[in-house]
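Participant: I'd like to go over a predicted model; first the sequence, then the structure.
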Amino acid sequence: MTPLLEASGLSLRFGAIRALDDVAIDVWPGEVLAIVGESGSGKSTLLRVLSGQQAAEAGTVRYDGADIRSLSEAALRRLSRSDWGFVHQNPRDGLRMAISAGGNIGERLMANGARHYGDIRAEALAWLSRVEIDPARIDALPRTFSGGMQQRLQIARTLVTRPRLVFMDEPTGGLDVSVQAKLLDMLRGLVRDLGLSVVIVTHDIAAARLLAHRIVVMRHGRVVEEGLTDRVLDDPQHPYTQLLVSSVLAA
Ligand SMILES: Nc1ncnc2c1ncn2[C@@H]1O[C@H](COP(=O)(O)OP(=O)(O)OP(=O)(O)O)[C@@H](O)[C@H]1O
């Protein structure tokens, strides 16, 4: 078996700031990899580079064996709407607020070639149920939804095309704690049922514990520790990881 996503030597500076400094990671089929670290450690930058939204100054990203820089812009766009999904922290960045909930889900299907209106609507209804949104709201606009519902709709829109690899940037950030717990539980079930590979950026250690098989700890643009989730969280080796874990335990 080979990694689905394989990155090495990634470096990127913004002026004097080293947002990424010789970062290497791999993601295996069906694996959930969490990237944790304090604010400004380079997590979101890494996610943008891995998903082809931003170019690194050095290093390579391979998806399914191909260097993503060798892909044309059109091929990368195609990949982004078929094999890949992206769940943003703010659902407004991943939804189209001016079209209905059903339209948000159907649009992704149509972008992948679906044409039959009845089938598209049936699939949208099924996905609304799956993310616990009342299917009767199919024609409602997302702005009439709560934050948690909007996030669940963004997840349905992302997963409806059965991507192989999903990038998630703080998907539970900005939600109430009780809403976060419910969403995490739902995400865990969907990831398992669909056999997704996921790269999730989070500063929430509990979310990483619940979802991830493996954890990468970043600090100042570098990976300071990585390993299986239980090993990293129960027996952290790097002083920075020890601090991260103990500050959560103390909180
Ligand atoms: N477009 C940009 N221009 C200038 N500096 C940037 C830009 N994007 C990121 N940075 C800087 O790069 C560093 C890493 O930022 P990044 O957003 O990747 O961190 P993060 O770990 O995701 O933080 P947070 O958890 O707060 O989102 C930070 O110092 C940030 O200020």
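Facilitator: Okay, I see it.
Participant: what is the neighbour count of the residue nearest to residue 2 when sequence neighbours are not counted?
Facilitator: Nearest residue to residue 2 in three dimensions, chain neighbours excluded: residue 65, at 6.8 Å (CB to CB, 6 or more residues apart in numbering). In this view, the C-beta of every residue, glycine as well, is placed from N, C-alpha and C. Close neighbours of residue 65, defined as other CB atoms under 10 Å, add up to 9.
Participant: and the gap between residue 65 and the ligand?
Facilitator: 27 Å (CB to the nearest ligand atom, to the nearest Å).
Participant: pull up the gap between that residue and residue 85, please.
Facilitator: Residue 65 sits 20 Å away from residue 85 when distances are taken as CB to CB, to the nearest Å.
Participant: again, but for residue 10
Facilitator: 21 Å.
Participant: how far out from the middle of the chain is stretch 185-203?
Facilitator: Relative to the chain's own centre, stretch 185-203 is displaced by 8 Å; criterion: CA atoms, centre = their mean, to the nearest Å.
Participant: ugh, wrong one, I meant stretch 94-108
Facilitator: With CA atoms, centre = their mean, you get 19 Å for stretch 94-108.
Participant: what of stretch 211-219?
Facilitator: 13 Å.
Participant: run through who's touching it.
Facilitator: 23, 25, 31-38, 41-43, 46, 184, 187-188, 191, 198, 200, 208, 223-229, 232-233, 238, 240-241, 244 (CB atoms under 8 Å, 6 or more residues apart in numbering).
Participant: quick one: which of those residues sit in strands?
Facilitator: 23, 25, 32-36, 198, 200, 223-228 (DSSP state E).
Participant: from those, which would you call buried?
Facilitator: Listed as buried from those are 23, 25, 32-36, 198, 200, 223-227; burial here means 16 or more other CB atoms under 10 Å.
Participant: skip the chain neighbours and tell me the closest residue to residue 216.
Facilitator: Going by CB to CB, 6+ apart, residue 216 has residue 226 as its nearest residue, at 4.4 Å.
Participant: straight-line length of stretch 49-66, end to end?
Facilitator: Using CA to CA, to the nearest Å, the end-to-end distance of stretch 49-66 comes to 15 Å.
Participant: list the contacts of that stretch.
Facilitator: Contacts of stretch 49-66 (CB under 8 Å, 6+ apart): 2-13, 20, 22-23, 25, 45, 48, 67-69, 71, 76, 79-80, 83-84, 86, 165, 167, 199.
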